[in-house]
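K.L.:
can't give you the sequence, but here's the structure:
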């Protein structure tokens, strides 16, 4: 039997939050339903961050309301604080995700708090979510490099990961937010993280800004990581950096994993259809190379 | 001291031969000079295939004539037959490259001969080139998958590689021509090839059609391969498959290798300038993600 790798589809959230324009709610819902039809069992649907900060996801409640849910699929959402948790609970999310950065400057830029000021906020969210019967996922951003501080010391990453796990987070996703990591660094960091906390409590979250995302996935696989975040079509490039790539594309991740003999539960053809759907709705070529190759084949 | 990895820059040949339009000779020459300024020590300049087959490179003789050569740089060209070798010798190439496919159908489509019919032609070229004091590189195309036959048996790859080396070829570049390989397959095939023929006589030639090229480079590095072909900007997508990616981008390869602690002799900033130059001349966004990221940074 093929070994299983879990895929956390973050396109509807991490992808669409970076679009320059608001994607209509019905398109978001249709995308999520395409993704579950393709066999994705974990979908990060949206974010309950205040709409002032991420207007692209202001319709999070409505997306959850309209969704036709499928048995066995986790519908998650990002939650920054207690107010966000209230909305998430009302929307009926399956799991929430909390987040902070390993880099002090990035955390201040992103959350407007120091890392130390962030922990009590997250602890309250995790405590209340757990009391309400929800599990919690954690994100550590800029776990390799930071746009302001350069390389982020591994000790910082270990420290914030430890605190997230200690507060009751189920799994921590270690993010190369700006896509600077290379496989040697990934192998070293994940080996140490897995050694301290267990590979089964960690996920890899790679951006393909410099084309290294799949190579980084392979490096993490080598040290036992079996959960990866990815985004259909490779959605998620920064709107202020045209041409820059976003999250590793789910199509590319699935192609790689199947080629290496892992099972994902995902049907690649249906996944490409999902990518094609959102590509057509957005009206621009998405970064996923598998999507481009399959589309080219279809036109040839 | 950092371990050295050799880069064979194939953009001016493998890249530009796939452009839909003819790139002016002066732009080709300028591109090659940009590349040598960036520190690339091996540049495949053009091809002496009959212009009827590859009109984009009909000016091969003229490109060599106009080039300001630099000490220590290898200026290579593809040579299909004795007539091509005559032109290559007259042009003053440093090394020639001969080629065939591991897949029978692809070889017939590409060269209009069976593999068995191809060998005598290549043997004549290698013999005469060697007699004239030139070294010879060999390419094995479709060494992983073939668009007509699917997965190509490893035995076929071993067989053609052995015959190329036996006829006096210095190094054989093993090509994933259609970009279907994944790291497990790459590691297994290169391990067996290196075991039979020595890693130092082999090179990896990966296309990024499905985003797996850098992951495949890492897999080949693990089994001792230290020479890789790449193309500035990621030039080389098939003109009949718009959106499909070409050779692994030299910028991405260099970024990866430096990040992993290897030395390449290439200055990444200057290489990005070379990529930007040809991107502007071609007037379309090239696939290289490092090029896109650096260009976005410059605009931000």
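P.N.:
Looks like it arrived, so ask away. These numbers were taken from a predicted model, which means no experiment stands behind them.

K.L.:
In the stretch 101-250 of chain A, which residue sits closest to chain B?
P.N.:
In the stretch 101-250 of chain A, the residue that lies nearest chain B is residue A:182 (2.9 Å; C-beta to the nearest C-beta). Every C-beta, even on glycine, is put in place using the N, C-alpha and C of the backbone.

K.L.:
pLDDT at the residue nearest to that residue when sequence neighbours are not counted, what is it?
P.N.:
By the measure of C-beta to C-beta, 6 or more residues apart in numbering or on different chains, the closest residue to residue A:182 outside its immediate chain neighbours is residue B:259, 2.9 Å from it. For residue B:259, the model assigns a pLDDT of 97.

K.L.:
for stretch A:161-173, which positions count as buried?
P.N.:
Of the residues in stretch A:161-173, those with enough neighbours to count as buried (16 or more other C-beta atoms under 10 Å in any protein chain shown) are A:161, A:163-165, A:167, A:169-173.

K.L.:
got the residue ranges for the strands in chain A?
P.N.:
Secondary structure of chain A, counting by DSSP state E: strands at A:6-9, A:42-47, A:74-78, A:95-101, A:135-141, A:145-146, A:150-151, A:171-176, A:202-206, A:227-230.

K.L.:
now these in JSON lines, with mean pLDDT and distance to residue B:34?
P.N.:
Below are the strands of chain A laid out as JSON lines (pLDDT from 0 to 100; distance: least, C-beta to C-beta, whole Å):
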{"stretch": "strand A:6-9", "mean pLDDT": "98", "distance to residue B:34": "40"}
{"stretch": "strand A:42-47", "mean pLDDT": "98", "distance to residue B:34": "43"}
{"stretch": "strand A:74-78", "mean pLDDT": "98", "distance to residue B:34": "44"}
{"stretch": "strand A:95-101", "mean pLDDT": "97", "distance to residue B:34": "38"}
{"stretch": "strand A:135-141", "mean pLDDT": "97", "distance to residue B:34": "36"}
{"stretch": "strand A:145-146", "mean pLDDT": "93", "distance to residue B:34": "28"}
{"stretch": "strand A:150-151", "mean pLDDT": "94", "distance to residue B:34": "28"}
{"stretch": "strand A:171-176", "mean pLDDT": "97", "distance to residue B:34": "30"}
{"stretch": "strand A:202-206", "mean pLDDT": "98", "distance to residue B:34": "31"}
{"stretch": "strand A:227-230", "mean pLDDT": "98", "distance to residue B:34": "35"}
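
K.L.:
one step back: next up, the contacts around the residue of the stretch 101-250 of chain A closest to chain B.
P.N.:
A:212, A:215-216, B:255-256, B:259-260 (C-beta atoms under 8 Å, 6 or more residues apart in numbering or on different chains).

K.L.:
And those residues, which two are furthest apart?
P.N.:
Spanning the widest gap among these are A:216 and B:255, at 12.2 Å by C-beta to C-beta.

K.L.:
So which of those two has more stuff around it?
P.N.:
Set side by side, residue A:216 and residue B:255 give different neighbour counts by other C-beta atoms under 10 Å in any protein chain shown, the larger being at residue A:216 (31 against 25).

K.L.:
For the more buried one, report the pLDDT, please.
P.N.:
Reading off the confidence values, residue A:216 has pLDDT 98.

K.L.:
isn't it right next to residue A:186, touching?
P.N.:
Yes - because the distance of 4.5 Å satisfies C-beta atoms under 8 Å, residue A:216 is recorded as touching residue A:186.

K.L.:
Give me the common contacts of these two.
P.N.:
The contact sets of residue A:216 and residue A:186 overlap at A:176, A:204, A:206 (C-beta under 8 Å, 6+ apart).

K.L.:
thinking again about what came up before, make sure the residue nearest to residue A:182 is actually in contact with residue A:184.
P.N.:
Yes - if you go by C-beta under 8 Å, residue B:259 and residue A:184 touch, sitting 6.8 Å apart.

K.L.:
near chain B, which residues of the stretch 51-200 of chain A show up?
P.N.:
Proximity of the stretch 51-200 of chain A to chain B, by C-beta under 8 Å from any C-beta of the partner chain, involves residues A:179, A:181-185.
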